[in-house]
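Chemist: Just need the structure, nothing else, for what follows:
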Amino acid sequence: MFTTRPEIVGSFGVVTSTHWLASASGMAMLERGGNAFDAAVAAGFVLHVVEPHLVGPAGEVPVLLHSARTGRTEVLCGQGPSPAGATLEAYRALDLGLIPGNGLLPAVIPGAFDAWMLLLRDHGTLRLRDVLEPAIHYAEHGHALMPRIAATIAGLQDFFKQHWRSTCDVYLPGGAAPQARKLFRNPWLAQTWKRVLREAESAGGDRERQIEAARNAFYRGFVAEAIDRFARTEVMDESGAPHRGVLTADDMASWSAHYEAPLAYDYGDYTVVKAGAWSQGPVFLQTLALLKGMDMQGAGPNSAEFVHRLTEAMKLAFADREVYYGDPDFVEVPLAHLLSDGYNDARRALIGERASHELRPGTAPGYEAQVARVMDVLSRMSKVTRAGEASSEPTMADMRAAGTPAPGSVRRGDTTHVDVIDRWGNMVSATPSGGWLQSSPVIPELGFALSTRAQMFWLEPGLPNTLAPRKRPRTTLTPSLALREGKPYMAFGTPGGDQQEQWQLLLFLRHVHHGMNLQEAIDQPMSHTMHFPSSFYPRDRKPGHLAAEASFGRAVLDDLRARGHELEEVPQWTVGRLTAATRDADGMLHAAATPRLMQAYAVGR
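Modeler: Residues are numbered from 1 along each chain as shown. Sure, this is the predicted structure:
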C-alpha cells in the first residue's frame, strides 16, 4: 500500500512528534546515550518554542510511561488544578454563565514544567542542561515560523495591540506580524530557561539536586513571583469584559505533579491503558467495550459500516463523559460499572442502522439524580449548531482552507504530542498543551502565557465537573499506551481537543483489525463527530454531526448521509494529527507521523 512517508523501522530508538524539530531534538538525546524519558523531555521543551500557538511552558501535560527498569506502566499527571481562589461563588459573582476561554480568569496552576522535571529526575539519565539546550537554542537563535503560526498572529494582531500589549513585544516584533518561514526568536523565553539553569546548577553538580533547584525556581522562585504579579492585572477576555486572575504564588508553591495508576481495558490480545476520569481517556476504553461485541474486523477499514459503528459507539461513550467524568479526588466516577460487560451489552443495543441525533447517557445505579441534573444543564447551557457552522472546537479552523483560521475560532489553541521508544524498551506517550500564545497575555519578563484550561469547568453547582478550588478540570488531553499479549507494545496519540480519542480509535482499530502498519493506518481517511458538547467555551454541539474527509470516496459519503448522519465533507488531508510508535517482541521498533499540516515527523534508526 502506498504511504505518504515510510514507516520508520529500527532497533536503536524512535521519536515521533507534531514538529520535526522536536522529533530531531529528542533523537539527539538518544544518540547522546540518553533514554526515552530524556528524549521526551527535550522534545517537549522544543514544542513550547516551535509550536507556541499549540502549547507553552505554563501549560499542562499528561504522560503515560512504561519503565523497562521498574517494569511499571504509570500515569504522570501534569494537569495543574484550579487556584485556591477559584471558588464557584467568586466566579458566579462576576455574572458569568461560563468561564471564558482566554484571559487570566481561566488560568490554572501550570503543570507541565513539574511533570517534565519529575520524568527527568525519576526516569531520565541526562542533565537538565542537556535536555534544555535545544529549546534554548531555538528560542534564542530562532526557528522557521510555520505559516499557521504567522496566520494566527496576523489574525489577532489588532486584538493584541488594543488589549494585550505585552504579547506584542514577543509576537509582533517591530509592530508587525512575523513572516512565515522566516526566523522567529523569543529571547525572553530563552532568558527564562537560562536563569532556571543558572539557579539549578548553583545547587552543585548532583543531577537530582539540580532538577529540584529548577523546580524551586519555577514554583517557589522568580517564575512564580512573576506569574503572581501579572495575574493581579485586569485583562480583556472573550466574555467582553476585563478580569483579573486568581492564580497566586502560594498556589504554585503548594502543588506538584504526581504519579497515578492507569486505567486498563482488555481488547482481544491488547490491553489499552489510559489516564483516569480527570481526562477523557476512559472514553477510548468505553468505546472498545461497546465495539467488543461487534464485527469490526469484517467491516472494511474505510467502509461506511466501519465509520457508522465507531461513530455511534463513540456518541454513547461521550454522552457518559458528560454526565460522569470529573476529578476523582472530588467526585465518585463509576468506571467499573461503565466498563462492565453487562452495561455495555445493554448500551450496544442502542446502536442501530440510523445515526442518532440524541445525547444518550446511560444511568448507573445511584446516579439517577446526577444524570438528570447534568442533562438539564446541558439543555440550557450548551449551544446547538449545525454541521459546517463555525465551532469553538480548536481543530475546526484547520479543517477549512489553509491560511487564516475561521472567524470565531481564531483565538483557539490546540495541542501537541510526542511518542518515544528506546532500545531498552522504555516508552513515553505525552500530550503537551495549554499556555498558547492566544490563550492569555504574555508575561513580559518570562516570554510565555498562562494556560486557560479552567474554561472546561462548569459554573453550575452539583456537576461532576463543577468548578472548585484545587480541582483538576476534565481535560481533553489523552495520550495512549497499549500492551500486546501482556508486553508493552504501542505508544500513540494526537492533538485535537474532543477529537483526540476519535482519531486514536481509527488508528488503533485499523492497525489491530486490518493489519495496517502505523503509517498506513495514519494515512487513511479520517472522520470524527461533534455530536456532544464541546469541552471548550462556549460549549457548542452539533447533533448528528459527522465530519469525514473527501478521500473516503463518494459512495461511502453518500452511504453515511443515507444513514442519517449530518455529514460535513472536508478536504482530504485536513483531519487528524496522529503519531505512533511500537516495539515488537524481538525488539524491532516502528514509528510514524501524520502528513497532515506538513509538520509532524517520525525519526529513528
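
Chemist: Give me the secondary structure label for the residue positioned nearest the centre of the chain.
Modeler: Nearest to the geometric centre of the chain sits L477, at 3.4 Å (Cα atoms, centre = their mean). The local conformation at L477, judged by DSSP: H, G, I helix; E, B strand; the rest coil, is coil.

Chemist: correct me, but it touches Q500?
Modeler: Yes. In this structure L477 lies within contact range of Q500 using Cβ atoms under 8 Å: 7.3 Å. Any C-beta I mention is one placed from the backbone N, CA and C, and that applies to glycine too.

Chemist: returning to what we had before: dump the residue contacts of the residue nearest to the centre of the chain.
Modeler: L477 is in contact with E60, V61, P62, Q79, S279, T415, T431, S433, Q500, counting by Cβ atoms under 8 Å, 6 or more residues apart in numbering.

Chemist: hang on, the earlier thing: what residues are shared contacts of L477 and Q500?
Modeler: Joint contacts of L477 and Q500 (Cβ under 8 Å, 6+ apart) are T415, T431.

Chemist: Heading C-terminal from the least confident helix or strand in the chain by mean pLDDT, find the next helix or strand.
Modeler: Ranking every helix and strand in the chain by mean pLDDT, DSSP states H and E puts helix 396-399 at the bottom, with a mean of 45. Heading C-terminal from helix 396-399, the first helix or strand you meet, by DSSP states H and E, is strand 418-422.

Chemist: Let me know the average pLDDT across that following strand.
Modeler: When pLDDT is averaged along strand 418-422, the result is 99.

Chemist: what's the answer for stretch 465-474, then?
Modeler: 98.

Chemist: try stretch 480-487
Modeler: The average pLDDT within stretch 480-487 is 98.

Chemist: buried residues in it?
Modeler: By 16 or more other Cβ atoms under 10 Å, the buried positions in stretch 480-487 come out as S480, L481, A482, L483, R484.

Chemist: From those, which land in strands?
Modeler: Secondary structure from DSSP state E places S480, L481, A482, L483, R484 of the buried residues of stretch 480-487 in strands.

Chemist: dump the residue contacts of the nearest residue to G56 once chain neighbours are set aside.
Modeler: Leaving aside its sequence neighbours, G56 sits nearest to G435 (Cβ to Cβ, 6 or more residues apart in numbering; 2.8 Å). Going by Cβ under 8 Å, 6+ apart, G435 touches H48, V55, G56, P57, A58, G59, P110, A112, F448, A449, L450, S451.

Chemist: OK, contacts around the last one?
Modeler: For S451, the contact set (Cβ under 8 Å, 6+ apart) comprises 56, 58-60, 80, 107-108, 110-111, 433-435, 439-440.

Chemist: Then the third one?
Modeler: Contacts for G56 were tallied using Cβ under 8 Å, 6+ apart; they are H48, G434, G435, W436, L437, S439, F448, A449, S451.

Chemist: That one and V41, how far apart?
Modeler: 16 Å (Cβ to Cβ, to the nearest Å).

Chemist: Please enumerate the strands of the stretch 201-350 of the chain.
Modeler: 234-236, 242-244, 258-260, 263-267, 270-274 (DSSP state E, counting those that start in this stretch).

Chemist: Oh, that last question was meant for the stretch 1-150 of the chain, not what I typed.
Modeler: Counting by DSSP E, counting those that start in this stretch, the strands of the stretch 1-150 of the chain are 8-10, 13-17, 61-66, 73-78, 143-144.

Chemist: nearest to L247, of these?
Modeler: With respect to L247, and counting by Cβ to Cβ, the nearest of those is strand 73-78 at 16.3 Å.

Chemist: Who are the packing partners of the closest one?
Modeler: Packing partners of strand 73-78 (3 or more Cβ pairs under 8 Å, 6 or more residues apart in numbering; DSSP states H and E): strand 61-66, helix 112-123, strand 258-260.

Chemist: what sits up against that strand?
Modeler: By Cβ under 8 Å, 6+ apart, strand 73-78 touches 60-67, 111-112, 114-116, 118-119, 257-262, 273, 275-276, 278, 472, 481, 483, 488.

Chemist: Paired strands for that strand, with orientation please.
Modeler: Strand 73-78 has its sheet partners listed here by DSSP bridges as strand 61-66 (antiparallel), strand 258-260 (antiparallel).

Chemist: Please identify the most buried of those strands.
Modeler: strand 61-66 (a mean of 29; mean count of other Cβ atoms under 10 Å).

Chemist: picking up where we left off before, looking at the contacts of S451, which has the most residues close by?
Modeler: Most neighbours among the contacts of S451, by other Cβ atoms under 10 Å: G59, with 34 neighbours.

Chemist: show me what contacts the residue nearest to it when sequence neighbours are not counted?
Modeler: Of all residues not flanking G59 in the chain, G434 sits nearest, at 3.0 Å (Cβ to Cβ, 6+ apart). Taking Cβ under 8 Å, 6+ apart, we find G434 in contact with V55, G56, A58, G59, E60, A112, G413, S451, T452, R453.

Chemist: Out of the residues you listed, which is nearest to E140?
Modeler: Relative to E140, and with distances defined as Cβ to Cβ, the nearest of the contacts of G434 is G56, at 16.8 Å.

Chemist: Distance check, that closest one against L437.
Modeler: In terms of Cβ to Cβ, G56 sits 7 Å off from L437.

Chemist: So for those two, which residues contact both of them?
Modeler: Taking Cβ under 8 Å, 6+ apart as the criterion, G56 and L437 both touch A449.

Chemist: returning to what we had before: gap between the residue nearest to the residue nearest to the centre of the chain when sequence neighbours are not counted and L481?
Modeler: Nearest residue to L477 in three dimensions, chain neighbours excluded: T431, at 4.5 Å (Cβ to Cβ, 6+ apart). Between T431 and L481 the computed distance is 12 Å (Cβ to Cβ).

Chemist: How are the strands of the stretch 501-605 of the chain distributed by residue range?
Modeler: 527-528, 545-549, 566-570, 579-583, 589-593, 601-604.

Chemist: list the contacts for the residue of the chain most remote from its centre?
Modeler: Centroid-distance maximum for the chain: G204 at 35.6 Å, with Cα atoms, centre = their mean. Taking Cβ under 8 Å, 6+ apart as the contact definition, G204 lies against Q210.

Chemist: still on that earlier bit, is it possible to export the contacts of G435 to CSV including pLDDT and distance to D345?
Modeler: What follows is these, written out as CSV (pLDDT from 0 to 100; distance: Cβ to Cβ, whole Å):
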residue, pLDDT, distance to D345
H48, 98, 45
V55, 97, 40
G56, 97, 44
P57, 98, 46
A58, 98, 45
G59, 98, 40
P110, 98, 43
A112, 98, 40
F448, 98, 49
A449, 98, 47
L450, 98, 45
S451, 97, 40
